[in-house]
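> sharing a sequence plus its predicted fold:
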Amino acid sequence: MNEQNKKTVLIVEDDSFLSDMYATKFSSTGYEVKLAQDGKQCFDMLKEGLRPDIVLLDIVMPKMDGIALLEAVRRDEQLKHIPVVLLTNLGQESDIARGMELGAVDYLVKAHFTPSEVMKKTEEILRKLKHKT
């Protein structure tokens with residue numbers, strides 16, 4: 001991937017072990033990785049002008065959870081087009097339905113996917129979105 005084509009992924013995860021693991025995986029394959037530790041930090045980064053190609057968003061976090069962040073992003077004219085994938089341990093049907101209703105492009109339960117699989121899913125989503133435009 002050359003610099004112009006380098007995709008940016010924003011990982012919003014309060015568990016630093018997990019965020020580092022995902023960051024390492026994405027960085028090693030040519031992604032630019034940005035990290036936020038909670039929804040508020042992520043929202044601030046987006047409001048300050050960060051425009052990632054995709055956001056991987058945990059739900060259970062301090063300050064502002066992933067659902068509140070997703071709602072805020074979808075309400076914001078400048079941010080609502082950013083694709084958000086919920087990457088969480090909440091696997092109840094009701095959680096999944098709510099996330100998708102709020103505009104997540106996908107919903108991945110952490111326990112069901114290795115970092116490599118998460119990266120593959122992310123690449124699939126980005127490819128699909130590119131073909132839509």
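On my side now, so go ahead. Residues are numbered from 1 along each chain as shown.

> please count neighbours and contacts with C-alpha atoms only from this point.
Fine.

> wait, what's in contact with residue 19?
Contacts were defined as C-alpha atoms under 8 Å, 6 or more residues apart in numbering; by that measure residue 19 touches 11, 12, 13, 35.

> tabulate those (JSON lines), appending distance to residue 61.
Compiled in JSON lines, these are given as follows (distance: C-alpha to C-alpha, whole Å):
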{"residue": "11", "distance to residue 61": "13"}
{"residue": "12", "distance to residue 61": "9"}
{"residue": "13", "distance to residue 61": "7"}
{"residue": "35", "distance to residue 61": "14"}
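
> list the contacts of residue 99.
Under the criterion of C-alpha under 8 Å, 6+ apart, the contact partners of residue 99 comprise 67, 86, 107.

> can you get me a residue count around residue 39?
In terms of burial, residue 39 registers 27 neighbours under the definition other C-alpha atoms under 10 Å.

> and the pLDDT at it?
At residue 39, the model reports a pLDDT of 96.

> got it, and residue 26?
The score at residue 26 is 97. That number is its pLDDT.

> ok, now residue 118?
Reading off the confidence values, residue 118 has pLDDT 96.

> and it, how far is that from residue 76?
Noted for residue 118: a distance of 27 Å to residue 76, by C-alpha to C-alpha, to the nearest Å.
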